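[1] mind folding the following:
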Amino acid sequence: MTPEQVTGERVAAVLAERDAIQANLLELDGSFGKRVLEGAALTGQTRQRWEHAAVTLASLWETFLAYSAVVDRIAALGGGAHRPQKKDLPELSGLLAGGCVQLSSAPVPLARRDLAASGRPPVTLTAAVGAMRRAFTEVTMVTAAAEAVWAAVGPPLDAAAADLARARARAAGLGPDITAELGSADSACQGLRAAANADPLALWRDGQTDTSAAAQLRQQVAALTARIDELDRVRQQAQARIDALASAAATAQTERQQALADWRAASARIGALPPAPAALAEPPTASLAALAASGQWTRLAAELERCAAELAQSAAQTAQLRRSAAEAIGRRDELRGLLRAYQAKAARLGGAENADLAERYDQAHGLLWTAPCDLRAAEAAVAAYQRAILATEGRR
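    Purely as a prediction, here's the structure:
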């Protein structure tokens with residue numbers, strides 16, 4: 001290749017590089033993070049870092065303008081369709097490889113400065129690009145981190161704010177406690193948003209956003225809105241739930257009376273049954289209605305839950321009462337059947353004249369056919385009768 005061709009390729013590369021730098025700088029200048037940081041009232045470490053980054057960005061543009069002016073001269077000498085002329089090669093070579101760009105930076109310290117130097121010696125195009133690249137990285141690290149924080153913190157805060165807005169209409173009239181909790185949650189949401197907007201880099205740790213506070217608030221708001229929904233349902237269904245509670249209590253009382261009748265009948269036949277549980281208290285329907293009439297929905301909800309829990313406990317006790325009575329009668333009848341079976345076996349073994357077997361049989365029979373029956377003693381007597389029959393069988 002001729003010197004003119006070599007220089008022409010170098011010129012083309014410089015022009016392409018300048019165009020890429022300019023495009024990236026314009027994109028940075030119009031980016032969301034840069035525009036927000038530039039116009040926000042920043043605090044904390046975000047303010048400190050952005051103030052430094054803003055100075056760096058301004059210096060970067062100044063350097064780019066100086067660099068671009070040199071590139072424009074290079075383009076005029078040998079860019080595009082205009083091939084470098086032999087007479088322009090010395091100037092082009094000087095621009096392409098020599099110190100020709102005045103950086104916008106601090107001057108060289110006096111102790112290291114040449115007597116004839118101006119304090120800011122020009123640098124090569126390559127050095128200028130390197131300086132701009134470092135400055136660009138420094139600025140984009142700040143803007144990118146801020147954007148990442150806003151992108152991570154914004155959605156949970158937006159969702160919490162939307163939930164609070166939807167719940168606010170339903171919360172009207174649910175009581176001062178709910179109103180206070182709504183206000184507190186709203187203030188917390190606004191506070192977290194303001195803090196994230198003013199100092200987003202305070203949430204940027206080890207290359208990641210700390211979203212724990214926003215996530216915790218989101219959970220608290222979700223719990224509060226669920227509680228508001230429940231209280232609103234209580235308000236809308238108050239009378240129906242009170243009526244349903246009264247009906248359920250009446251049904252529970254009827255079932256308990258039937259279970260008690262079975263238990264008493266079993267107690268007359270079987271001794272030492274588990275005691276009957278205490279009587280079921282009537283639900284305080286009048287006081288529940290008063291709570292509804294005065295709009296005390298939180299207390300009403302708690303009372304309805306308490307009464308429902310008592311009814312559930314009573315239902316379990318009633319079922320256990322009926323079950324214990326049935327099991328006791330069933331066990332007695334089972335022992336009676338066993339005793340008959342053992343008696344038949346004793347007869348087959350020729351034990352009808354065995355006085356010991358007869359005595360044991362009579363003892364077990366007396367216990368099982370005596371009311372109230374002592375089940376524990378009867379079980380022991382039947383078991384003793386069985387052992388005696390087995391012993392007789394073994395001897396034979």
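[2] helices and strands around whichever helix in the chain runs longest, which ones?
    If each helix of the chain is counted by residues according to DSSP state H, the longest one is helix 297-348. On a contact count with 3 or more Cβ pairs under 8 Å, 6 or more residues apart in numbering; DSSP states H and E, helix 297-348 meets helix 212-236, helix 238-269, helix 285-293, helix 355-368, helix 375-395. Every C-beta, even on glycine, is put in place using the N, C-alpha and C of the backbone.
[3] in CSV: these, plus mean pLDDT and mean neighbour count.
    What follows is the helices and strands packed on helix 297-348, written out as CSV (pLDDT from 0 to 100; neighbours: other Cβ atoms under 10 Å):
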stretch, mean pLDDT, mean neighbour count
helix 212-236, 91, 17
helix 238-269, 90, 16
helix 285-293, 87, 15
helix 355-368, 90, 17
helix 375-395, 88, 16
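[4] would you mind giving the ones you listed as TSV with distance to Asn197 added?
    Putting the helices and strands packed on helix 297-348 into TSV (distance: least, Cβ to Cβ, whole Å) gives the following:
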stretch	distance to Asn197
helix 212-236	13
helix 238-269	43
helix 285-293	44
helix 355-368	85
helix 375-395	77
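[5] those helices: which one's closest to Ala316?
    Taking Cβ to Cβ, helix 238-269 is the member of the helices and strands packed on helix 297-348 nearest to Ala316, at 10.7 Å.
[6] show me what the helix or strand Ala66 falls within is packed against.
    Assigned by DSSP states H and E, Ala66 belongs to helix 44-78. Under the contact criterion of 3+ Cβ pairs under 8 Å, 6+ apart, the helices and strands touching helix 44-78 comprise helix 3-29, helix 32-39, helix 89-97, helix 125-171.
[7] distance check, Ala312 against Leu357.
    Remark: distance between Ala312 and Leu357 (Cβ to Cβ, to the nearest Å) = 52 Å.
[8] no wait, Val142
    102 Å.
[9] equivalent analysis for Glu9, please.
    With distances defined as Cβ to Cβ, the gap from Glu9 to Leu357 amounts to 123 Å.
[10] and if you look at Leu224?
    Leu224 is 77 Å from Leu357, where distance means Cβ to Cβ.
[11] what domains does the record give for the protein?
    The chain is divided into the following domains under automatic domain parsing: 3-106+119-144, 148-236, 238-325, 329-395.
[12] worst mean pLDDT among those domains?
    Of all these, the segment with the smallest mean pLDDT is domain 3-106+119-144, scoring a mean of 85.
[13] for it, the distance to its chain's centre please.
    Domain 3-106+119-144 sits 47 Å away from the centroid of its parent chain (Cα atoms, centre = their mean, to the nearest Å).
[14] cool, stretch 299-311 as well?
    Counting by Cα atoms, centre = their mean, stretch 299-311 is centred 28 Å from the centre of its parent chain.
[15] what comes up buried for that stretch?
    Applying a neighbour-count criterion of 16 or more other Cβ atoms under 10 Å, the buried positions in stretch 299-311 are Leu300, Ala301, Glu303, Leu304, Cys307, Leu311.
[16] contacting residues for the third one?
    In this case it means Glu303. Shown in contact with Glu303 (Cβ atoms under 8 Å, 6 or more residues apart in numbering): Pro284, Ser287, Leu288, Leu291.
[17] the fourth one too?
    Counting by Cβ under 8 Å, 6+ apart, Leu304 touches Val234, Arg241, Ile242, Leu245, Leu288.
[18] and these, which is closest to Gly173?
    When the contacts of Leu304 are compared for distance to Gly173, the smallest value, 11.9 Å, is given by Val234; criterion: Cβ to Cβ.
[19] re the thing from before, and which of the contacts of Leu304 is nearest Arg168?
    Each of these was scored against Arg168 by Cβ to Cβ, and Val234 proved nearest at 17.9 Å.
[20] could you measure the residue nearest to that closest one when sequence neighbours are not counted against Leu280, distance?
    What sits nearest to Val234 in space, not counting adjacent residues and going by Cβ to Cβ, 6 or more residues apart in numbering, is Ala301, at 4.7 Å. When Cβ to Cβ is applied, the distance between Ala301 and Leu280 equals 22 Å.
[21] same check, this time on Ala161
    The gap separating Ala161 from Leu280 is 47 Å, by Cβ to Cβ.
[22] what does Thr225 give?
    Counting by Cβ to Cβ, the gap from Thr225 to Leu280 is 36 Å.
[23] over to Arg332?
    29 Å.
[24] so between the two, which is more surrounded?
    Arg332 (22 against 18; other Cβ atoms under 10 Å).
[25] surely that one meets Leu375?
    Yes. Counting by Cβ atoms under 8 Å, Leu375 is a contact partner of Arg332 at 6.3 Å.
[26] anything in contact with each of these two?
    Overlap of the contact sets of Arg332 and Leu375 (by Cβ under 8 Å, 6+ apart) consists of Ile270.
[27] let's have the helices and strands packed on helix 44-78 in JSON lines, adding distance to Tyr342 and mean neighbour count.
    Listed next are those as JSON lines, based on distance: least, Cβ to Cβ, whole Å; neighbours: other Cβ atoms under 10 Å:
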{"stretch": "helix 3-29", "distance to Tyr342": "99", "mean neighbour count": "15"}
{"stretch": "helix 32-39", "distance to Tyr342": "93", "mean neighbour count": "16"}
{"stretch": "helix 89-97", "distance to Tyr342": "118", "mean neighbour count": "16"}
{"stretch": "helix 125-171", "distance to Tyr342": "72", "mean neighbour count": "18"}
